[in-house]
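>>> Curious how this folds, go ahead:
(one chain, ligands or ions: 3)
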Amino acid sequence: MNIILLGPPGAGKGTQARRLVEELGMIQLSTGDMLREAKSSGTEMGLKVAAVMDAGELVTDEIVIGLIDEKIRSDTGAGFIFDGFPRTLAQADALAELLSRNGATLDAVIEMRVDDAALVKRISGRYTCGTCGEVYHDETRPSAVDGVCDNCGGTDMKRRADDNADALKTRLMEYYKKTSPLIGYYYAKGDLTPVNGLADIEDVAKSIKLALR
Ligand code: ADP
Ligand code: ADP
Ligand code: ZN
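Numbers count the residues shown, from 1 in each chain. Ligands and ions are numbered 1, 2, ... in the order given. So this is what the prediction gives:
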């Protein structure tokens, strides 16, 4: 089963993707995580995209499609969760092509609906474990012990360079201009299931599992 988690920055895509990995053994493919990794390890591509990401703009289709192409070849059968990809119609077309070339199909597109006011709160309170990637929030999902990861015990908590008011404004604009047309695109194809992303993390997880049945 291959699925897309579609939604604006802060909708909860990463949080839910990690749960699906744990519960269903699927593989999370987050282009944001891959790009941040390239950025922090200082590869040529990472250096190229750093300023674009920090400003909240989208990196080129060519780069992200290349990243996904590489990963999709190592299909293990459990299925992929595309988290933060595709973000443009060109990326959506490329994904369809890559999947069919690998004899795979797209089984569901989960649209995570969250309103803009909630997104600002989510983004401004977000921090993640630098060791295992667990996602936390100052108010809605704090770690049990301040500064210590519940999942791995790591103490390297991180806040993202682009989780600030200016970059968020640009990210939302990019989302509405370039990514939100995908909702209509997948609706027309009959693949779309909307989920109320404003509910508690547990309830969102339940709705997603229902949608995948
Ligand atoms: P969020 O969790 O806020 O939705 P991501 O971690 O998915 O953000 O992405 C962070 C940044 O990485 C984006 O603002 C953009 O610069 C870049 N990025 C991630 N995925 C893509 C993509 N599919 N296409 C273009 N740029 C991307
Ligand atoms: P995305 O990957 O879509 O950008 P994240 O999964 O990183 O979103 O979530 C953004 C922030 O909101 C994180 O701090 C996370 O802990 C928090 N969060 C995620 N889902 C919920 C939810 N259903 N209710 C409240 N907070 C949430
Ligand atoms: Zn951790």
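
>>> In three-state terms, label the residue in the chain positioned nearest to ligand 1 for me.
Among all residues of the chain, residue 32 sits closest to ligand 1, at 2.0 Å; criterion: C-beta to the nearest ligand atom. Where C-beta positions appear, they are placed from N, C-alpha and C, glycine not excepted. Put simply, residue 32 is helix when judged by DSSP: H, G, I helix; E, B strand; the rest coil.

>>> got the contact list for the nearest residue to residue 195 once chain neighbours are set aside?
Nearest residue to residue 195 in three dimensions, chain neighbours excluded: residue 207, at 4.5 Å (C-beta to C-beta, 6 or more residues apart in numbering). Remark: with contacts taken as C-beta atoms under 8 Å, 6 or more residues apart in numbering, residue 207 is in contact with 195-196, 199.

>>> what's the helix or strand for residue 207?
Assessed by DSSP states H and E, residue 207 sits inside helix 201-212.

>>> does any bit of that helix sit next to ligand 2?
Yes. Shown here: helix 201-212 in contact with ligand 2 (C-beta under 6 Å from any ligand atom) through 201, 204.

>>> got it, and stretch 146-158?
No. Stretch 146-158 lies out of reach of ligand 2 by C-beta under 6 Å from any ligand atom, never closer than 11.5 Å.

>>> quick one: that stretch near ligand 1?
No. Counting by C-beta under 6 Å from any ligand atom, ligand 1 is not contacted by stretch 146-158; separation bottoms out at 12.5 Å.

>>> Can you list the buried residues in that stretch?
By 16 or more other C-beta atoms under 10 Å, the buried positions in stretch 146-158 come out as 149, 154, 157.

>>> would you turn the residues you listed into CSV with secondary structure and pLDDT?
Listed next are the buried residues of stretch 146-158 as CSV, based on DSSP: H, G, I helix; E, B strand; the rest coil; pLDDT from 0 to 100:
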residue, secondary structure, pLDDT
149, coil, 98
154, coil, 98
157, strand, 98
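
>>> from those, which single one is nearest ligand 3?
Ranked by distance to ligand 3 (C-beta to the ion), those are led by residue 149 at 3.1 Å.

>>> confidence score at the residue of the chain most remote from its centre?
Using C-alpha atoms, centre = their mean, the residue of the chain lying farthest from its centre is residue 145. It sits 26.0 Å away. Note for residue 145: predicted pLDDT of 98.

>>> and if you look at the one 10 residues further on?
For residue 155, the model assigns a pLDDT of 98.

>>> Likewise for residue 77?
76.

>>> re earlier: top of the contacts of residue 207 by neighbour count?
Using other C-beta atoms under 10 Å as the neighbour test, the contacts of residue 207 are led by residue 195, with 25 neighbours.

>>> Hmm, residue 206 and that residue touching each other?
No. If you go by C-beta atoms under 8 Å, residue 195 and residue 206 don't touch, sitting 9.6 Å apart.

>>> The protein against ligand 1: which residues are in contact?
On the criterion C-beta under 6 Å from any ligand atom, ligand 1 has as its neighbours in the chain the residues 9-10, 14, 31-32, 35, 52-53, 56-59, 64, 84-85, 87, 91, 162, 171.
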